[in-house]
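Trainee: With the input below, show me the fold.
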Amino acid sequence: MAKRLILIFSLILLFTMGVSAITLDGETPATLQTTSSLGEQTTDSIYSYTDKEDLINQLYNDLYPTIREEFYSGLLESVRTNLQEDIYNSIVAKFNEFLEQPVLSVPLDELQTNIIEVSKLSEQSVLGITSYLGEEGVSLGSAVIYDYDEITQTYYVITNHHVIDDADNYKIVFSDRSSVVATLLGYDKDVDIAVLSFSGIGLTQSLKVSPLGSSSTLTKGEIILASGNPKGYDFYNTLTLGVVAGVNRTTDWELLVPYIQHDAAINSGNSGGPIYNLQGEVVGINVAKYATDEIEGMGFAIPIDMVKDIVNSIRMLGGSFTDIVGNVSLNWVDVNPDEFGISSALPEVRLILPNQVTRGLMINLLLSDEAMLNSGLSIGDLIVKVDNYNIATLYPTYQHINQNYQKGQSITLWFYRLNKSTLTFSTTLESVTFVI
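Mentor: Numbers count the residues shown, from 1 in each chain. Below is the predicted model:
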């Protein structure tokens, strides 16, 4: 049945396009001759058959491949041509539609809207903070509201430790220069973060919480906005625009923090203020900038992921002050796998590391600390482990200590002692435990 249908369809196509001459031989032979448009020459085809089914099979086998090839070639070409025309017409229509609109109106409008929304948020969330020693002002900076307790009507703010250092009382300052007393909850001196709170009871100011985002996905070139009080309250709540210039930056003043480098304009007074992404999330806390005649646009912010860990610890521990790395009371230097120099009255020397040690930290300064002075450690000793943590380089070691220890805990350092007479290390691994 299928062959009959195909044959009928093929014959229809054949006669539509032009048919070849056919002679039918059989019980009732017949000859049918027509002019074919499928080729330049007219040919006769003779079929001998015993019955109709035999004739159908012969015609199917002879005509179907040729008809099929012609049909599908024509069909595909027609589809291809029409599809290309549809795509072309669609592109032209969209392009014409685009040309009728203001160029880049949608992206620019969206960017402008985001910046304005961040500006509105910062005006209600970024505040001033003044620190006092007694009644004498010590410093001022910026702070950002990151949490609010509706039950107690208490606001919580983040700022830098150096903004509140050397002070014993603090005030949050609003845009109208009114102020309210703030309470210091805790700080991390190493990272330079402090957390304070103040009561919202009776306040008439419209205040908002700035959500803390994530700094882990920040990339170079991403737009950020810095908010704060540069040069004091005369320029209260200034907002500046910049981009992320680099991530995981270390500096010569701090090896613990993987800073976000950016080029948004900041100045003294911006310390403790936030940097926002375009979604209005805090992604960092401004802490410092390079300020010389030769350098411009190098600001640094503490990544908010690191800040969140510290803030959460302070809140959970009920105001436990942290100064972990500083309490180890050592200045360390990285050990080169092959050699390192000692800066002293001696000329530079080559020291062979013991027991196939390839990494460690050599003590180059012992700070004035009773526990450390009585520990037995001395300059030149080679520290290779902190408890069970194997030292690789200086920066990850600082991070490990800061993230895993609290003030008042015990810490064990494993080290090889340096014989200063022979300038060789002992082959015996020693340890010392003390409270940080």
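
Trainee: Got the domain ranges for this protein?
Mentor: 2-83, 223-309, 324-435 (automatic domain parsing).

Trainee: pLDDT of the second one, averaged?
Mentor: The pLDDT scores in domain 223-309 average 86.

Trainee: how far does it stretch from start to finish?
Mentor: Taking CA to CA, to the nearest Å, domain 223-309 runs 24 Å from one end to the other.

Trainee: Make 10 the starting number, not 1.
Mentor: All set: I'll call the first residue 10, so the last point we hit is now domain 232-318.

Trainee: Any idea how many residues pack against the closest residue in space to residue 239 that isn't next to it in sequence?
Mentor: Once flanking residues are discounted, residue 239 sits nearest to residue 276: 3.8 Å by CB to CB, 6 or more residues apart in numbering. Yep, even glycine has a C-beta here, placed from its N, CA and C like the rest. The number of residues packed near residue 276 is 18, by other CB atoms under 10 Å.

Trainee: show me what contacts residue 276?
Mentor: 239, 240, 298 (CB atoms under 8 Å, 6 or more residues apart in numbering).

Trainee: got the contact list for the second one?
Mentor: Same thing as residue 240. Taking CB under 8 Å, 6+ apart, one finds 276, 277, 278 in contact with residue 240.

Trainee: As JSON lines, those with secondary structure would be great.
Mentor: Shown next, in JSON lines, are these (DSSP: H, G, I helix; E, B strand; the rest coil):
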{"residue": "276", "secondary structure": "coil"}
{"residue": "277", "secondary structure": "coil"}
{"residue": "278", "secondary structure": "coil"}
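
Trainee: follow-up on the earlier one: which of the contacts of residue 276 fall in strands?
Mentor: residue 298 (DSSP state E).

Trainee: okay if I get the contacts of residue 276 as TSV plus distance to residue 105?
Mentor: Shown next, in TSV, are the contacts of residue 276 (distance: CB to CB, whole Å):
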residue	distance to residue 105
239	48
240	52
298	49
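
Trainee: Helix, strand or coil: sort out the closest residue to residue 412 other than its chain neighbours for me.
Mentor: Once flanking residues are discounted, residue 412 sits nearest to residue 318: 7.0 Å by CB to CB, 6+ apart. Assigned with three-state DSSP, residue 318 falls in the helix class.

Trainee: The one 5 residues further on now?
Mentor: When the structure is reduced to helix, strand and coil (three-state DSSP), residue 323 reads as helix.

Trainee: Residue 270 versus that one, what's the distance?
Mentor: 26 Å (CB to CB, to the nearest Å).

Trainee: With residue 432 instead?
Mentor: Taken as CB to CB, the span from residue 432 to residue 270 is 40 Å.

Trainee: re the thing from before, who's more crowded, residue 323 and residue 270?
Mentor: residue 323 (23 against 19).

Trainee: Go ahead and confirm that one touches residue 200.
Mentor: No: look at residue 323 against residue 200 with CB atoms under 8 Å: they stay out of range, at 11.2 Å.

Trainee: which phi and psi does residue 438 have?
Mentor: For residue 438, the backbone dihedrals (degrees, to the nearest 10) come out as phi -80, psi 120.

Trainee: what number of residues lie near the nearest residue to it once chain neighbours are set aside?
Mentor: Nearest-residue entry for residue 438: residue 423, 5.9 Å, with adjacent residues in sequence omitted and distances by CB to CB, 6+ apart. Number of residues near residue 423 (other CB under 10 Å) recorded here: 19.

Trainee: Name the helix or strand for residue 423, please.
Mentor: Take DSSP states H and E as the rule and residue 423 turns out to sit in strand 419-425.

Trainee: For that strand, C-alpha coordinates in CSV please.
Mentor: Taking C-alpha atoms only, strand 419-425 is exported to CSV below (Å, rounded to 0.1, in the frame of the first residue of the first chain):
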residue,chain,number,x,y,z
SER,A,419,47.1,28.4,74.1
ILE,A,420,49.2,28.1,71.0
THR,A,421,52.1,25.7,70.3
LEU,A,422,55.0,26.6,68.0
TRP,A,423,57.3,23.9,66.7
PHE,A,424,60.8,25.1,65.8
TYR,A,425,64.4,24.3,65.1
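
Trainee: which other helices and strands contact it?
Mentor: Using 3 or more CB pairs under 8 Å, 6 or more residues apart in numbering; DSSP states H and E, the elements in contact with strand 419-425 are strand 391-395, strand 439-444.

Trainee: Output those strands as a markdown table; include the columns distance to residue 120 and mean pLDDT.
Mentor: A markdown table is the format used below for the helices and strands packed on strand 419-425 (distance: least, CB to CB, whole Å; pLDDT from 0 to 100):
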| stretch | distance to residue 120 | mean pLDDT |
| --- | --- | --- |
| strand 391-395 | 47 | 88 |
| strand 439-444 | 53 | 85 |
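
Trainee: if we can go back for a sec, tell me what the following helix or strand past the strand holding residue 423 is packed against?
Mentor: Remark: after strand 419-425, the chain's next helix or strand is strand 427-428, criterion DSSP H and E. Secondary-structure packing of strand 427-428 (3+ CB pairs under 8 Å, 6+ apart): strand 433-434.

Trainee: in its sheet, what does the strand it packs on sit against?
Mentor: Sheet partners assigned to strand 433-434 using DSSP bridges are listed as strand 427-428 (antiparallel).

Trainee: Perfect, that will be all.
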